[in-house]
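Chemist: what's the 3D shape of this:
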Amino acid sequence: MDILNYTVDKEAFENNFGSFYYVTNKTTGEKCVLLKISDALKDEKYLDQVALVVNKGNKPIPGALFMRTFVKEGEDWFGEYEYFEGKPMSFVMSQKRNSATIKKMLSDLASVLDGFAGEGISYGGLTPESVISCVDGSFKIIGAEFYNTEYKLEGNEDIYNSGYADPKAEGLKFTNKSDIYSLARLTATMFLAEKFYTTKDYPIPNIATLKPIQASIDQAVKTDEKFDSCGDFVNSLVDFKGSCPFIDHGSQVATYVYVVVVVLIIILDWCANTLGWFGGSLGG
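Modeler: Model (predicted):
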């Protein structure tokens with residue numbers, strides 16, 4: 001399959017920005033990643049603004065995946081990225097990770113977000129959908145262009161998720177304090193194995209090893225003071241130990257139990273229809 005001047009090698013993943021493909025440029029032979037924009041974001045005025053953000057160029061920031069080009073073809077928009085290999089964090093939420101891995105992830109993300117701030121950019125909507133867990137063990141952020149337009153997609157939770165976008169950001173005008181807020185909510189998500197929040201408050205499990213991070217998340221989310229930088233927030237988390245309690249909170253276990261129950265129902269239904277179980281025993 002071809003898209004524009006690219007040969008599609010395979011689909012990479014889908015997230016709230018759209019569908020990502022591993023592709024090869026037919027002219028240069030270069031491997032890269034191509035994004036086909038989600039239908040939920042197809043607002044011409046908005047996407048024209050995204051194109052302006054892309055075309056003005058962005059200084060390289062380690063760990064930030066910026067679009068190199070953004071073009072329209074027919075009714076669809078496509079963005080090209082340098083080649084990267086990985087999946088959004090939302091795809092791997094059920095995997096258990098130790099505290100060292102979590103801390104590395106948060107440190108990587110804080111470095112990128114503070115790099116944005118140094119260039120006068122605020123990300124604004126950091127979620128598990130926009131954090132890429134790469135095969136080389138690094139963590140990168142994708143999608144900054146979608147949050148730095150003058151025209152905003154009011155009410156679009158595909159990018160302004162209510163659990164992660166700072167509710168105090170007036171008119172969706174974000175600052176580095178907004179990024180500290182998002183990173184803190186993401187930190188809570190990592191410990192709770194929840195993709196999204198739908199309420200104003202976030203719960204923290206009653207687990208002793210997580211107690212030291214409670215005050216830091218509270219300061220970043222519930223106060224106006226927050227921290228001076230995302231790095232300062234992450235550095236305040238040095239005391240947490242152990243592993244992320246995904247299994248304790250049902251991510252994988254619930255899935256396994258659900259599958260077992262479904263299989264048992266199928267087996268029992270087959271037995272009832274084929275062998276006459278239940279009907280005979282119940283006098284049917």
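Chemist: ok, and the helix or strand in this protein with the lowest average confidence?
Modeler: Sorted by mean pLDDT, DSSP states H and E, the helices and strands of the chain end with helix 251-274, the least confident at a mean of 53.
Chemist: How about residues contacting stretch 154-165?
Modeler: Applying Cβ atoms under 8 Å, 6 or more residues apart in numbering, the set of residues contacting stretch 154-165 from outside is 16-17, 38, 40-41, 124-127, 143, 146-147, 152-153, 172, 174, 178, 181-182, 185-186, 196-198, 202. From N, CA and C alone the C-beta is placed, and that goes for glycine too.
Chemist: Which positions within it qualify as buried?
Modeler: By neighbour count, with 16 or more other Cβ atoms under 10 Å as the criterion, the buried positions of stretch 154-165 are 156-161, 163-165.
Chemist: Any chance of CSV for those, columns pLDDT and distance to G57?
Modeler: Written out in CSV, the entries for the buried residues of stretch 154-165 read as follows (pLDDT from 0 to 100; distance: Cβ to Cβ, whole Å):
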residue, pLDDT, distance to G57
N156, 79, 25
E157, 77, 29
D158, 79, 26
I159, 83, 22
Y160, 81, 25
N161, 80, 28
G163, 78, 32
Y164, 84, 27
A165, 82, 26
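Chemist: In helices only, show me those.
Modeler: For those, not one is inside helices, with DSSP state H as the criterion.
Chemist: Tabulate these (TSV), appending distance to Y83.
Modeler: Rendered in TSV, the data for the buried residues of stretch 154-165 read as follows (distance: Cβ to Cβ, whole Å):
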residue	distance to Y83
N156	29
E157	30
D158	25
I159	24
Y160	29
N161	27
G163	31
Y164	27
A165	29
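Chemist: one step back: ChimeraX command to pick out the buried ones of the contacts of stretch 154-165?
Modeler: For anyone working in ChimeraX, the buried entries among the contacts of stretch 154-165, judged by 16+ other Cβ under 10 Å, can be selected with:
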select :16,17,38,41,124,125,126,127,143,146,147,152,153,172,174,178,181,182,185,186,197,202
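Chemist: out of the buried residues of stretch 154-165, which are inside strands?
Modeler: Taking DSSP state E, every one of the buried residues of stretch 154-165 sits outside strands.
Chemist: From the residues you listed, pick the one nearest F70.
Modeler: Using Cβ to Cβ, I159 is the member of those that lies nearest F70, at 15.4 Å.
Chemist: quick one, phi psi at that closest one?
Modeler: Backbone torsions of I159, given as degrees, to the nearest 10, read phi -120, psi -30.
Chemist: need the contact list for the closest residue to D224 other than its chain neighbours.
Modeler: If you skip the residues right next to it in sequence, D224 has K168 as its closest partner in space, 7.9 Å away by Cβ to Cβ, 6 or more residues apart in numbering. The neighbourhood of K168, defined by Cβ under 8 Å, 6+ apart, consists of 178, 181, 224.
Chemist: Can you check the pLDDT for the last one?
Modeler: Confidence at D224, expressed as pLDDT, is 78.
Chemist: Backbone torsions only: list them for it.
Modeler: D224 has phi and psi values of phi -80, psi -20 when expressed as degrees, to the nearest 10.
Chemist: Kindly reformat the contacts of K168 as a markdown table containing distance to F191.
Modeler: As requested, the contacts of K168 are exported to a markdown table (distance: Cβ to Cβ, whole Å):
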| residue | distance to F191 |
| --- | --- |
| S178 | 21 |
| Y181 | 17 |
| D224 | 24 |
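Chemist: What is the burial count for L237?
Modeler: 19 (other Cβ atoms under 10 Å).
Chemist: correct me, but it touches Q214?
Modeler: No: applying Cβ atoms under 8 Å, one finds L237 not in contact with Q214, separated by 10.5 Å.
Chemist: Strands of the stretch 101-250 of the chain, start to end?
Modeler: Taking DSSP state E, counting those that start in this stretch as the criterion, the stretch 101-250 of the chain contains strands spanning 131-134, 139-142.
Chemist: Quick check: which of those is nearest to D48?
Modeler: Between D48 and the strands of the stretch 101-250 of the chain, the shortest separation by Cβ to Cβ is 20.5 Å, and it involves strand 139-142.
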